[in-house]
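A.B. asks: sequence and predicted model, in that order:
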2 protein chains.
Amino acid sequence: MMEPDTKSHPGAEALAAIPVKADAGMSAHAIKVACSNCNLRELCMPLGLTTEELDRIEDVVASRRKIKRGSLLFRNGEKFTSLYAIRTGFFKTCVASEDGRDQVTSFQMAGEVMGLDGIVNDHHTCDAIALEDAEVCIMPFDRIEELSREVNALQRHVHKIMSREIVRENGVMLLLGSMRAEERLAAFLLNLVQRLHARGFSQSELILRMTREEIGSYLGLKLETVSRTFSKFAEDGIVEVKQRHVRILNTDSLKDIVNPKVCN
Amino acid sequence: MMEPDTKSHPGAEALAAIPVKADAGMSAHAIKVACSNCNLRELCMPLGLTTEELDRIEDVVASRRKIKRGSLLFRNGEKFTSLYAIRTGFFKTCVASEDGRDQVTSFQMAGEVMGLDGIVNDHHTCDAIALEDAEVCIMPFDRIEELSREVNALQRHVHKIMSREIVRENGVMLLLGSMRAEERLAAFLLNLVQRLHARGFSQSELILRMTREEIGSYLGLKLETVSRTFSKFAEDGIVEVKQRHVRILNTDSLKDIVNPKVCN
DNA sequence: TCAGACTTTTGATCTGAGTCAAAACCCCGT
DNA sequence: ACGGGGTTTTGACTCAGATCAAAAGTCTGA
């Protein structure tokens, strides 16, 4: 299983077609970004912009920043200044209660925007941690606000991104509030693979960038339960699992698990 | 317990100090609203507006609508046109999975804004149901967008409202993903009473507008568990519960339950 | 005022997921 | 190539909350 050349997950190579490229070690402010040439544009930018509007929006992206695996893009309590669009890599965000429990609230991949939580109180309320070496575009929020007063498409886009996050979280609440372990894991896999597919990767094969414990935290389960459920799916021939390599053998079964059919 | 005159929950009388008043039966479009005189203004409007700005923002509120207890303000799938600010009454919003499970995703009270879920796809993705007779201010979203291009404080306010909702949902995910039944219910009560207190009501006494089943749905518990947990709190002398009347006798105990102290 | 439907409480029992423990596995840096 | 730390799997047992059931309470509208 799992030929090494299978395009099963975004890696740096897949997103490298950006002409104005930051050399390693180049400091953030020296980078001239070029959204117009970024192949993630349709993910983080509104569609149907005039060239002039696009030019102006490029100015929103002040610079880029590389984050090493395991380190933080921002942390709870930190002053909020910017939103971040992921160029490469993979993140988790976690909130913590006072007594140290914590909860993964999302996993984010290329083209997705992070930092919306910071707007309301001018400070971030969660940690954003890179699960693999990553690079983000830094978009100072005051510039976003300024420009979105003038470019209607940008204004609309910002509103949609925030609304999308609200709707996503509604879905997670449904999952956490009413699904059983198998349903949660099936929903999680389908969601991941669907987002990867939208980025040009396989519909059936993926590499998990997070541990069983992180999956468990996101799904409100313990890591052992996540592991057992993977094993169960594998026994049932629904997936092949080899550590973090997952191949989905039967998407329909997963869908049936998430939405149990009322049988005749 | 619970003297009838105790100001333990918003009722119509508490919010009636609005000079330009809609008579019963008056059709929605005939109402001239007056945010400037609404005592909920500091909840739904940005602070520090000039009189001129306030005048313009009043134009955002196109009209009002009364919703009878049990009926819908909007429903899943319905076209999105407006946000709604609650003037009086109490709502729940629920999402449903394809197979008919459903999940209460929030309870909303006077001064709170509903409908943000509809922005991303131009259609609502949840149902909003009045739990008591209610009245909302209708704010067509295209007008909000238009005006927030010109009034910076409004733009900022809209962003904050959406961000606040994201942060709130992060908190609910933490609750659903990592808390036990008692912790969930304690957190729920503290949250409700805190919001009511911000509206001038008692810090220790409240009337629940929702059933045990609705509380359970919100908290990811069955109604029996909610009932038992209330009984447990009552036995422990933390609250007095008589149907939907709740008096909190010991707020600190509730806080300790939510955030268990690491004992010495 | 009363009937009937909904809501809430409480008891008894069951079960899915948590907990504890140990072994296997794998990856990484030196 | 190896050692060691983190990760994953699996087993045995426990328990919090679900489920099933029945009775009591209460609200509503005719």
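C.D. replies: Nice, thanks for sending it over. Numbering: from 1, shown residues only, chains lettered A, B, ... in the order given.
A.B. asks: only C-alpha atoms from now on, for both contacts and neighbour counts.
C.D. replies: Noted.
A.B. asks: can you give me the offset of the helix or strand of chain A with the lowest mean pLDDT from its chain's centre?
C.D. replies: Across the helices and strands of chain A, the lowest-confidence element by mean pLDDT, DSSP states H and E is helix A:41-44, at a mean of 80. Relative to its chain's centre, helix A:41-44 lies at 13 Å (CA atoms, centre = their mean, to the nearest Å).
A.B. asks: where does pLDDT dip in chain A?
C.D. replies: Along chain A, segments meeting pLDDT under 70 span A:1-34, A:262-264.
A.B. asks: contact residues of the stretch 1-150 of chain A facing DNA strand D?
C.D. replies: Proximity of the stretch 1-150 of chain A to DNA strand D is not found for any residue under the rule CA under 7 Å from any atom of the strand.
A.B. asks: on that earlier part again, is the least confident helix or strand of chain A in proximity to chain B?
C.D. replies: No. Between helix A:41-44 and chain B, judged by CA under 8 Å from any CA of the partner chain, nothing touches; the nearest distance is 13.9 Å.
A.B. asks: how about the helix or strand just after that helix: buried residues?
C.D. replies: Of the helices and strands lying after helix A:41-44 in sequence (DSSP states H and E), the nearest is helix A:51-58. By 16 or more other CA atoms under 10 Å in any protein chain shown, the buried positions in helix A:51-58 come out as A:53-54, A:57-58.
A.B. asks: quick check, nearest of the residues you listed to DNA strand C?
C.D. replies: A:Glu58 (34.8 Å; CA to the nearest atom of the strand).
A.B. asks: skipping its backbone neighbours, what lies nearest that closest one in space?
C.D. replies: What sits nearest to A:Glu58 in space, not counting adjacent residues and going by CA to CA, 6 or more residues apart in numbering or on different chains, is A:Cys35, at 5.8 Å.
A.B. asks: can you check A:Met139 too?
C.D. replies: Distance criterion CA to CA, 6+ apart; nearest residue to A:Met139, sequence neighbours excluded, is A:Val61 at 4.7 Å.
A.B. asks: ranges for the helices of chain A?
C.D. replies: Taking DSSP state H as the criterion, chain A contains helices spanning A:41-44, A:51-58, A:141-148, A:152-178, A:181-198, A:212-219, A:223-235, A:251-258.
A.B. asks: show me where the stretch 1-150 of chain A has its strands.
C.D. replies: A:63-67, A:72-74, A:82-96, A:102-109, A:113-114, A:127-140 (DSSP state E, counting those that start in this stretch).
A.B. asks: neighbours around A:Ile86, how many?
C.D. replies: When neighbours are defined as other CA atoms under 10 Å in any protein chain shown, A:Ile86 has 24 of them.
A.B. asks: ok, it to A:Glu53 distance?
C.D. replies: Per CA to CA, to the nearest Å, A:Ile86 is found 21 Å from A:Glu53.
A.B. asks: check A:Ser231 too.
C.D. replies: In this view, A:Ser231 and A:Glu53 are 51 Å apart by CA to CA.
A.B. asks: A:Ile161 now?
C.D. replies: Applying CA to CA to A:Ile161 and A:Glu53 gives a distance of 19 Å.
A.B. asks: tell me which parts of the stretch 101-250 of chain A are close to chain B?
C.D. replies: A:101-103, A:105, A:116-121, A:125, A:145, A:148-150, A:155-156, A:159-167, A:169-174, A:176-178, A:217-221.
A.B. asks: what sits closest to A:Ser227 if chain neighbours are left out?
C.D. replies: A:Arg212 (6.7 Å).
A.B. asks: now for that neighbour: which residues touch it?
C.D. replies: Residues counted as contacts of A:Arg212 (CA atoms under 8 Å, 6 or more residues apart in numbering or on different chains) are A:223-224, A:226-227.
A.B. asks: and with 10 Å instead?
C.D. replies: Neighbouring residues of A:Arg212 by CA atoms under 10 Å, 6 or more residues apart in numbering or on different chains: A:218, A:221-227, A:230, A:243-244.
A.B. asks: one more: A:Leu219?
C.D. replies: By CA under 10 Å, 6+ apart, A:Leu219 lies in contact with A:103-106, A:172-173, A:175-176, A:179-181, A:184-185, A:187-188, A:213, A:226, B:173, B:176-178.
A.B. asks: A:Cys35 against A:Leu54, yeah?
C.D. replies: Yes. Using CA atoms under 10 Å, A:Cys35 is in contact with A:Leu54, at 7.9 Å.
A.B. asks: tell me how far A:Gln85 lies from DNA strand C.
C.D. replies: Let me fix one detail, which is that residue A:85 is Ala and not Gln. 25 Å (CA to the nearest atom of the strand, to the nearest Å).
A.B. asks: ok, A:Gly100 next?
C.D. replies: Separation of A:Gly100 from DNA strand C (CA to the nearest atom of the strand): 14 Å.
A.B. asks: give the burial count for that residue, as a bare number.
C.D. replies: The burial count for A:Gly100: 9, using other CA under 10 Å.
A.B. asks: contacting residues for it?
C.D. replies: So A:Gly100 contacts B:Asn259 (CA under 10 Å, 6+ apart).
A.B. asks: related to what we said a few turns ago, and the helices of chain A: which comes nearest DNA strand C?
C.D. replies: Taking CA to the nearest atom of the strand, helix A:181-198 is the member of these nearest to DNA strand C, at 3.7 Å.
A.B. asks: is DNA strand D within reach of the closest one?
C.D. replies: No. Using CA under 7 Å from any atom of the strand, helix A:181-198 stays clear of DNA strand D, coming no nearer than 12.2 Å.
A.B. asks: may I see the buried residues of that helix?
C.D. replies: Buried, per 16+ other CA under 10 Å, within helix A:181-198: A:181-190, A:192-194, A:196-197.
A.B. asks: ok, and which of those residues reach DNA strand C?
C.D. replies: Among the buried residues of helix A:181-198, DNA strand C is touched by A:181-182 when using CA under 7 Å from any atom of the strand.
A.B. asks: show me which of the contacts of A:Leu219 are buried.
C.D. replies: Buried among the contacts of A:Leu219 by 16+ other CA under 10 Å: A:103-106, A:172-173, A:175-176, A:179, A:181, A:184-185, A:187-188, A:213, A:226, B:173, B:176-178.
A.B. asks: count the neighbours of A:Arg75 for me.
C.D. replies: For A:Arg75, using other CA under 10 Å, the count is 18.
A.B. asks: hmm, A:His124 and it touching each other?
C.D. replies: Yes. Counting by CA under 10 Å, A:Arg75 sits close enough to A:His124 to count as a contact (6.5 Å).
A.B. asks: for A:Lys92, which of the helices of chain A is the nearest?
C.D. replies: Judged by CA to CA, the one of these that comes nearest to A:Lys92 is helix A:212-219, at 8.6 Å.
A.B. asks: the closest one and DNA strand D, are they touching?
C.D. replies: Yes. Under the criterion of CA under 7 Å from any atom of the strand, DNA strand D is reached by helix A:212-219 at A:212-213.
A.B. asks: pick the one among the buried residues of helix A:181-198 closest to B:Asp256.
C.D. replies: Closest to B:Asp256, out of all of the buried residues of helix A:181-198 and judged by CA to CA, is A:Ala181, at 29.2 Å.
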